[in-house]
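[1] Fold the following, please.
(chains A and B)
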Amino acid sequence: MFPVPIEKNSAKAQIAYKLALPIALFFWLLPLLAIFMTSIRPVSDIATGNVFGIPSSFQLIQNYSEVFAKTEALQYLINTLLIALPTMVLSVGMACLTGYALAIYKFRWALPLFFLFVAGNFVPFQILMLPVVNISVKLEIMNTVPGLVMFHAAFQLGFCTLFMRNFMKALPFELIESARLEGVGEFQIFWHLVLPLVKPAIAALCVLIFTFIWNDFFWATVLIQEDSSLPITVGVRTLNGEFVQQWHLISAASLLAAMPPVIMFFIMQKHFIAGLTLGATKG
Amino acid sequence: MSLRFTKLALGAAMAGLFSGSLLASDLVITFDDLNPDKKAAYEAAVEAFKAANPDINVVANNGDREAHKDTIRNALQNDAPDVITWYPGNRMGPFVDAGLFTDISDLWASDENLSSNFNAIKPTMTRDGKQWGVPYSYYQWGVYYRADIYEKLGLSEPKNWEELLGNCDALKGAGVTPFTIGTQYLWTAAGVFDYLNLRTNGYEVHNDLTAGKIKYTDDRIRATFAKWEEMLDRCSFVSTHATMDWQAAISPFAKGDAAMYVMGNFSVGQYKDAGLTDEQIDFFQFPEITAGVPRAEEAPADAFFIPANAKNVENAKKFLSFIATPQIQGDWNKAIGQLPPNAAAEINADDKFIVEGMATLSTAAGLAQFYDRDAPAAMAKAGMEGFQKFMLDPSALDEILEGLDKVQAEVY
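    You can find the predicted model right below:
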C-alpha cells in the first residue's frame, strides 16, 4: 500500500530509478521548459520559425521588463492579491465556523446539511455562469472586486467546509466534553481549544484556496471587464493583439503569473502536502 | 466617533460639490481593445477630448475585444453607454435593424470633416440610406511580396491575372513557392476568396453574396472558384498551410521559400521582426481579373456608434465629431500603425506601406469589411471551413458549395 523507500530496493532497481528519474522529469517539465525558452527568445526567432531550437540571443531581462512596461502587470498582480487574500480569509474563516457547527453539535440535520455542502462541490460551476452574472448585475456588484470575492468565497465554501468538518470531527470529542463540564463557554471552546488544534488544517486550506483563486481565469473573465481591476491571469491576455500574438511576451507574462503560487508552495510545502492527505483519510 | 462623522459629512459635501458643478454633463464611452498600443491611442484621444471639453465628465471604459463581441448586445439593450465601438458594414446590420443604434445622418451632413473627407468609407457606414457611425481606423489588404526575389528573377508587379500567373510560373521554375498562407484559423483563406470574388465579380456581387442575396452555387461564384482553382494549380500555396497560423506562415516567406502573401497591413511589423528589411518587401494591389470591374478593396474598419439608449446624445455627437478631425485621426493611426479614414489626415510618410495603403483605399470603388465581418457569424464559420476544405481538395467543390447554400438558407 505504502511506497517502499528506494534505499530498500536492490542495487539494480536503484540505478534504474536514478536513470529514469531525470529523464521522466525532463519530459514532465518539457512544456514548462518550452515556455521558458520562448520567454527569453527574441521576437525574430519566433517569426522565422526557430521555436524549439537554441535562441539566437538571450533576452531574459529585456522580455520580462517589457511585460511590465507594456502592460499594467504590476497592477494586475496586485489585483489578484486583492482577490485571492480576502477570498482565502472569508472562505476559510466561514468554513471554521460551519465545520465546527457540523462536527461538534449533534442535531438532526447535521448530516444532511453537511451533504449539501459536499454536493455543492459536484455542481460544475460553469453551468452557473448565467445565473451568477444575472445576480451580480441585479446586485450591482458586476465588474467589482468585492463582487468577485463574494462569489469565489461562496463557491469555495463547500470544499472548505468538507475539509474543516472532517478534520474537527477527528478531534477527540472528550476534549470538548470536558471543557463543557468545566463550564467553558461555547465560543471559548471554539476559539481557545478547537482552533489551535486545527491550525495545520487551516494552514493547509489557506494554501490550497490561495492557489485555486490565484489560478482562476473563468470567473475573472466573466465577472470583470474593467481593465483596472483585472487579475493577472486575464491581464496576460491583453498582450494578445487582434492579429499579432507576441508569444515571447505572453510566455514571460504567463511564467510571472505562475510564480507566486509556486513560491507560496515552496514556503508552505509542509502544510500543502499535509492538506492533501489530511482531508482524504479522515471522516 | 465625532471625528469620523465630521469626515463623513465632509466627504458627502465634497461629493455634492462635484456633482453640482463639474459633473454638469456626462459622456460614457465603451472601447474594446486592451492591447497596449491600441489602448494608449484610445486613451490619448480621450484625454484630448477632455482637454477640449472641460465641462464634460468623461467616463472612459475599456474591455477585452472578444468579450465585447459577446456582451455588446446586452450593453446596447440594458445599460447603454453614450458611445460604443463596433464594426461597420453588414456587421452593424443586426443592431441597426433592431433599432439599437442612433441614426447620425445629420452629423454626417453637417460636420465639416464627415461631409467632405470620408467619401471612400461612407457607403460602408451607410445602411438604409442613413449613416450610423464614425470610423476611427482601417487598414489595407493586398499582396505583400519579396521584392528581392522578384528582382532576382526579373519579375515586376502584376497588373492583371495573366501577369500574376506568369510570375507564379517563373517563381516555381526557380524553386520558390509563389504564395504562403496559414489556414489553421481559417480566416486567412477568406482574404484570398474575398479578393478573387471582388476582382472576378465586383463589389456589388460580393456584397450580395455576404448579405445572403446570392447563392454559393451561383455561376458567378463558381467563376470565382474556377479562378481560385487556377491559382491553386499554377500559383501553389505552401503545402503545410492547414497546420500553420498566419504568423507561422511568415517563416517560409522570411526564409525566401515563398514569395507572396495575401495579407492585411498589420503583418508588416511581423515581416520586419522576422529580419526582412523595407528593401526586401513590397506591396501590390491584388491584380485585376475581369477587365473593367471597378477596383474594390478589403479594408476592415473600426468605428464608434451611438446606442439608441444613450443618455447624453449631444455629448456623444460632440465626441464623434472630435474623433473625425484630421488631427485625432492622424495621431491615433500613427500610434497604431493603421490608416485614418479621414482623407485629409496626416499619415506616417516614412512608412511606404502606409503611404501606398492610403493611396489604395482613398481611391477604391468600394470597401469590403472582410468575409467574417460582412457575413453573419454562422455563415462566416461555415464559409471559411469550406474555403479551407477547397484549398486542400478542389475536387470537393460541388459538395462544398451545396453545403454552403444549405447553411445560407438556415442563417439568413
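[2] Can you give me the distance of A:Val200 to B:Asp97?
    Actually, residue A:200 is Pro. It isn't Val. A:Pro200 is 63 Å from B:Asp97, where distance means C-beta to C-beta, to the nearest Å. In this view, the C-beta of every residue, glycine as well, is placed from N, C-alpha and C.
[3] residue boundaries of the strands in chain B?
    With DSSP state E, the ranges of strands along chain B come out as B:25-31, B:56-62, B:83-86, B:126-127, B:130-131, B:133-138, B:141-146, B:177-180, B:258-264, B:281-284, B:296-298, B:301-305, B:366-368.
[4] could I get the ones you listed as JSON lines with mean pLDDT?
    JSON lines is the format used below for these (pLDDT from 0 to 100):
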{"stretch": "strand B:25-31", "mean pLDDT": "94"}
{"stretch": "strand B:56-62", "mean pLDDT": "92"}
{"stretch": "strand B:83-86", "mean pLDDT": "96"}
{"stretch": "strand B:126-127", "mean pLDDT": "92"}
{"stretch": "strand B:130-131", "mean pLDDT": "96"}
{"stretch": "strand B:133-138", "mean pLDDT": "96"}
{"stretch": "strand B:141-146", "mean pLDDT": "97"}
{"stretch": "strand B:177-180", "mean pLDDT": "96"}
{"stretch": "strand B:258-264", "mean pLDDT": "96"}
{"stretch": "strand B:281-284", "mean pLDDT": "96"}
{"stretch": "strand B:296-298", "mean pLDDT": "94"}
{"stretch": "strand B:301-305", "mean pLDDT": "96"}
{"stretch": "strand B:366-368", "mean pLDDT": "91"}
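[5] Which of those strands sits closest to A:Ser136?
    Closest to A:Ser136 of the strands of chain B is strand B:56-62 (C-beta to C-beta; 16.8 Å).
[6] which parts of the closest one are buried?
    Neighbour counts over strand B:56-62 (16 or more other C-beta atoms under 10 Å in any protein chain shown) mark B:Ile56, B:Asn57, B:Val58, B:Ala60, B:Asn61, B:Asn62 as buried.
[7] want to throw those into CSV with distance to chain A?
    Listed next are the buried residues of strand B:56-62 as CSV, based on distance: C-beta to the nearest C-beta, whole Å:
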residue, distance to chain A
B:Ile56, 21
B:Asn57, 18
B:Val58, 15
B:Ala60, 10
B:Asn61, 7
B:Asn62, 5
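[8] Sort out which one of these lies nearest B:Lys39 for me.
    Nearest to B:Lys39 among the buried residues of strand B:56-62 is B:Asn62, at 6.2 Å by C-beta to C-beta.
[9] How is the chain partitioned into domains?
    Unless you meant another one, I'm taking chain A. As assigned by automatic domain parsing, chain A contains the domains A:6-68, A:71-281.
[10] try again with chain B
    Domains of chain B are assigned by automatic domain parsing as B:2-138+B:301-368, B:141-298+B:376-411.
[11] Kindly report which one of the ones you listed carries the lowest mean pLDDT.
    Ranked by mean pLDDT, the domains of chain B bottom out at domain B:2-138+B:301-368, which scores a mean of 88.
[12] and the residue nearest to B:Ala147 when sequence neighbours are not counted, what does it touch?
    Distance criterion C-beta to C-beta, 6 or more residues apart in numbering or on different chains; nearest residue to B:Ala147, sequence neighbours excluded, is B:Asp282 at 4.2 Å. Neighbour list for B:Asp282: B:Tyr144, B:Tyr145, B:Ala147, B:Tyr150, B:Glu157, B:Lys352 [criterion: C-beta atoms under 8 Å, 6 or more residues apart in numbering or on different chains].
[13] Filter these down to the buried ones.
    Counted by 16+ other C-beta under 10 Å, the contacts of B:Asp282 give B:Tyr144, B:Tyr145, B:Ala147, B:Tyr150, B:Glu157 as buried.
[14] For residue 100, list the residues it contacts.
    You didn't say which chain, so I picked chain A. Going by C-beta under 8 Å, 6+ apart, A:Tyr100 touches A:Met164, A:Met168, A:Phe190, A:Val194.
[15] not what I meant, chain B
    Contacts for B:Leu100 (C-beta under 8 Å, 6+ apart) come out as B:Arg73, B:Leu76, B:Gln77, B:Pro307, B:Ala308, B:Asn309.
[16] What of A:Ile46?
    Contacts of A:Ile46 were listed using C-beta under 8 Å, 6+ apart, and they are A:Thr38, A:Trp247, A:His248, B:Gln247, B:Asp273.
[17] ok, back up a step: and the domains of chain B: which comes nearest A:His152?
    Of all the domains of chain B, domain B:2-138+B:301-368 sits nearest to A:His152, with 19.3 Å by C-beta to C-beta.
[18] What residues sit buried inside stretch B:119-126?
    Using 16+ other C-beta under 10 Å as the test for burial, stretch B:119-126 gives B:Ala120, B:Ile121, B:Pro123, B:Thr124, B:Met125, B:Thr126.
[19] same thing with stretch B:309-324?
    For stretch B:309-324, a neighbour-count test (16+ other C-beta under 10 Å) marks B:309-310, B:312, B:315-324 as buried.
[20] So what touches it?
    With C-beta under 8 Å, 6+ apart as the test, stretch B:309-324 has contacts from B:25-29, B:45, B:48-49, B:52-53, B:56, B:76-77, B:80-83, B:100, B:102, B:104, B:107, B:111, B:113-114, B:117-118, B:133-134, B:136, B:304, B:306, B:328-329, B:342.
[21] what does chain A put close to chain B?
    Proximity of chain A to chain B, by C-beta under 8 Å from any C-beta of the partner chain, involves residues A:43-44, A:46-49, A:70-71, A:137, A:221, A:225-227, A:234, A:237-245.
[22] In space, what's closest to residue 120 - neighbours in sequence excluded?
    You didn't say which chain, so I picked chain A. By the measure of C-beta to C-beta, 6+ apart, the closest residue to A:Gly120 outside its immediate chain neighbours is A:Gly158, 3.5 Å from it.
[23] meant chain B, my bad for not saying
    Nearest non-adjacent residue to B:Ala120, counting by C-beta to C-beta, 6+ apart: B:Ser362, 5.1 Å away.
[24] thought the one you found was touching B:Ala343?
    Yes. Under the criterion of C-beta atoms under 8 Å, B:Ser362 makes contact with B:Ala343 at 4.9 Å.
[25] More neighbours: which of these two?
    B:Ala343 (19 against 16; other C-beta atoms under 10 Å in any protein chain shown).
[26] Surely that one touches B:Asn117?
    Yes. Applying C-beta under 8 Å as the test, B:Ala343 and B:Asn117 come out as touching, 4.7 Å apart.
[27] elements contacting the helix or strand harbouring A:Gly147?
    Here A:Gly147, judged by DSSP states H and E, is contained in helix A:145-169. Counting contacts by 3 or more C-beta pairs under 8 Å, 6 or more residues apart in numbering or on different chains; DSSP states H and E, helix A:145-169 packs against helix A:73-104, helix A:110-120, helix A:129-138, helix A:199-214, helix A:218-223, helix A:269-281.
[28] what mean pLDDT does the shortest one have?
    Spelled out, that is helix A:218-223. Averaging pLDDT along helix A:218-223 gives 88.
[29] So what touches that helix?
    Contacts of helix A:218-223 (C-beta under 8 Å, 6+ apart): A:83, A:125-126, A:129, A:132-133, A:136, A:142-143, A:147-148, A:151-152, A:155, A:230-231, A:233-234, B:64, B:67.
[30] Neighbours of the closest residue to chain B within the stretch 51-200 of chain A, how many?
    Closest approach between the stretch 51-200 of chain A and chain B, counting by C-beta to the nearest C-beta: A:Lys70, at 4.4 Å. By other C-beta under 10 Å, the residues close to A:Lys70 number 18.
[31] Grab the nearest non-local neighbour of it.
    Spatial nearest neighbour of A:Lys70, chain neighbours left out: B:Pro36 (4.4 Å); criterion: C-beta to C-beta, 6+ apart.
[32] that older thread, comparing A:Pro200 and B:Asp97, which shows the higher neighbour count?
    More crowded of A:Pro200 and B:Asp97, by other C-beta under 10 Å: A:Pro200, with 14 against 11.
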